[in-house]
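>>> What shape does this take:
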Amino acid sequence: MPVRLGSAASLAKTPFMPDLFLADWLGTPVWFWAAFLGIVIVLTAFDLGFLHKEDRELGIGESLKLSGFYISVALLFGVWVWFERGEQSGMEYFTGFFIEKALSIDNVFVISLIFTYFAIPAKYQYRALLWGILAVIVLRGLMIAGGAALLAEAYWVLYLFAAFLIFTGIKMFFAGDQPMDVGNNPVVRWISRHMRVTPELHGQKFLVKVRDEKTGRMVRAATPLLLALVVINLADLVFAVDSVPAIFAITTDTFIVYTSNIFAILGLRALYFALAAMVHRFHYLKYALAAVLVFIGSKIFVADFLLGGEKFPAWVSLGVTAALIAAGVLYSLWKTRGDEEEDWPSESDGLAPVDER
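Numbers count the residues shown, from 1 in each chain. Model prediction:
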């Protein structure tokens, strides 16, 4: 749906809005992109420079409050999109946001597993997650740009996305729980073979200088925190293979796809510390997510082949997605009531050995 001309026209009359900002980029005025990037930069700078100047453990209560703030910002941004670009775009944004937020719960489990494997204390995890989020912003942007370029050249690629989502949803529904084997991760093994890795942490540092036992000279070495950061970003790329096609199946508007993804991920960093302590409570959510993926993929075929190309109603997509996710969360919480919380790794925990063969 095109941007409402009233807002752009009124902005064009103001002396502080150059023509460059009113020009379209990927189908959206540049000032929309500038506003979004400005919010992301301000939130990140405020988070890193003010809230967490010093490394410390983030409590569950603070995690929930901070997450609530991020979710509020994301929802307000969605309201702004709804007001400026219309009901269709607003519903598509919220649908994409809810899908990515729900899919990220599985990501929390993997991140927790990675931090536990490398024995990263909770007080160092937040900053590592922040740098991971910054990398994700760039990597997701590249993936989304690639997907948008493919769809612009060949619409039939959307059918491949839809078929992949259906296949992934069915596979997720019947697949058992298979924990990630961090130690045998090819990247971890490659870094361990080609770069010095210290057996212990060095605070929040990713790279340090250590003395070479043979030459006596100071050489650069990676810390376990860097390995954890690399593996976390690789895990996100794997999850993006599901989430990016899912949002493209909702809308091909690059602005909506990117902003809904990034706002969901930004809030994940804050929510992580609360979710990681109770991620086992969301065990049955994966079945709801599987149903969401199948529904999102199927509606592409329904709209094009049964509805004669008429666009699937956005309110139906939003309603079904929200209902399935809510049902999965509530059923999981009810089914796992009384389960014990899991403990964080502490500084005294030993680092799991990395196979350097």
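>>> Low-confidence stretches in the chain?
By pLDDT under 70, the low-scoring segments of the chain are 1-23, 25-26, 48-58, 176-183, 185, 277, 279, 307-309, 338-357.
>>> that's a strand at Val210, yeah?
Yes: when classified by DSSP: H, G, I helix; E, B strand; the rest coil, Val210 is found to be part of a strand.
>>> for Leu103, what are its contacts?
Contact partners of Leu103, counting by Cβ atoms under 8 Å, 6 or more residues apart in numbering, are 239, 242-243, 246, 289. No exception for glycine: its C-beta is placed from N, CA and C like everyone else's.
>>> Now tabulate those residues in a markdown table and tack on neighbour count, distance to Val208 and secondary structure.
Conversion of the contacts of Leu103 to a markdown table gives the following (neighbours: other Cβ atoms under 10 Å; distance: Cβ to Cβ, whole Å; DSSP: H, G, I helix; E, B strand; the rest coil):
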| residue | neighbour count | distance to Val208 | secondary structure |
| --- | --- | --- | --- |
| Phe239 | 16 | 30 | helix |
| Asp242 | 19 | 36 | helix |
| Ser243 | 26 | 35 | helix |
| Ala246 | 29 | 40 | helix |
| Leu289 | 24 | 40 | helix |
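>>> residues making contact with the strand or helix carrying Val292?
Using DSSP states H and E, Val292 sits in helix 285-301. Helix 285-301 is contacted from outside by 99, 102-103, 105-106, 158-159, 161-166, 168-170, 172-173, 242, 246, 249-250, 312, 317, 320-321, 324-325, 327-329, 331-332, using Cβ under 8 Å, 6+ apart.
>>> which ones are touching Ala322?
Ala322 touches Phe98, counting by Cβ under 8 Å, 6+ apart.
>>> Give me the three-state assignment for it.
Secondary structure, three-state DSSP: Ala322 is helix.
>>> just the one 3 residues further on next, same as before
For Ile325, the secondary-structure state derived from three-state DSSP is helix.
>>> now swap in Lys214 and tell me
Per three-state DSSP, Lys214 ends up coil.
>>> can you map out the strands along the stretch 101-250 of the chain?
Secondary structure of the stretch 101-250 of the chain (DSSP state E, counting those that start in this stretch): strands at 207-211, 218-222.
>>> Just give me the neighbour total for Val329.
17 (other Cβ atoms under 10 Å).
>>> how close does it sit to Ile247?
The gap separating Val329 from Ile247 is 20 Å, by Cβ to Cβ, to the nearest Å.
>>> same deal with Leu103?
10 Å.
>>> Quickly note the distance from Pro121 to Tyr258.
Distance, Pro121 to Tyr258, by Cβ to Cβ: 33 Å.
>>> Next: Leu130.
Relative to Tyr258, and taking Cβ to Cβ, Leu130 is found at 19 Å.
>>> Which of these two has more residues huddled nearby?
Between Leu130 and Tyr258, counted using other Cβ under 10 Å, the more crowded position is Tyr258 (24 against 15).
>>> The more buried one: helix or strand, and which one exactly?
Using DSSP H and E, Tyr258 maps to helix 254-276.
>>> same check, this time on Val81
Here Val81 is assigned to helix 60-85, by DSSP H and E.
>>> That helix versus helix 254-276: what angle between them?
Counting by axes from the mean of the first three to the mean of the last three Cα atoms, to 10 degrees, helix 60-85 points 170 degrees away from the direction of helix 254-276.
>>> Grab the most central residue of this structure for me.
Nearest to the mean C-alpha position of the chain, by Cα atoms, centre = their mean, lies Ile265 at 3.6 Å.
>>> Just to check, that residue is in contact with Ile133?
Yes: in this structure Ile265 lies within contact range of Ile133 using Cβ atoms under 8 Å: 6.1 Å.
>>> got a list of what Thr223 touches?
By Cβ under 8 Å, 6+ apart, the neighbours of Thr223 are 197-198, 200-202, 205-208.
>>> repeat that for 10 Å
Applying Cβ atoms under 10 Å, 6 or more residues apart in numbering to Thr223 gives the contacts 118, 120, 124, 197-208, 210, 229.
>>> Could you do Leu330 as well?
Contact analysis of Leu330 by Cβ under 10 Å, 6+ apart lists 284-285, 288.
>>> tell me the contacts of Ala163?
So Ala163 contacts 245, 297-298, 300-301 (Cβ under 10 Å, 6+ apart).
>>> Redo those as TSV? Include distance to Val219 and neighbour count.
TSV is the format used below for those (distance: Cβ to Cβ, whole Å; neighbours: other Cβ atoms under 10 Å):
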residue	distance to Val219	neighbour count
Pro245	43	23
Gly297	50	23
Ser298	55	17
Ile300	53	20
Phe301	57	14
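>>> okay, the residues you listed in CSV with distance to Leu37 next?
Listed next are those as CSV, based on distance: Cβ to Cβ, whole Å:
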residue, distance to Leu37
Pro245, 24
Gly297, 31
Ser298, 34
Ile300, 30
Phe301, 35
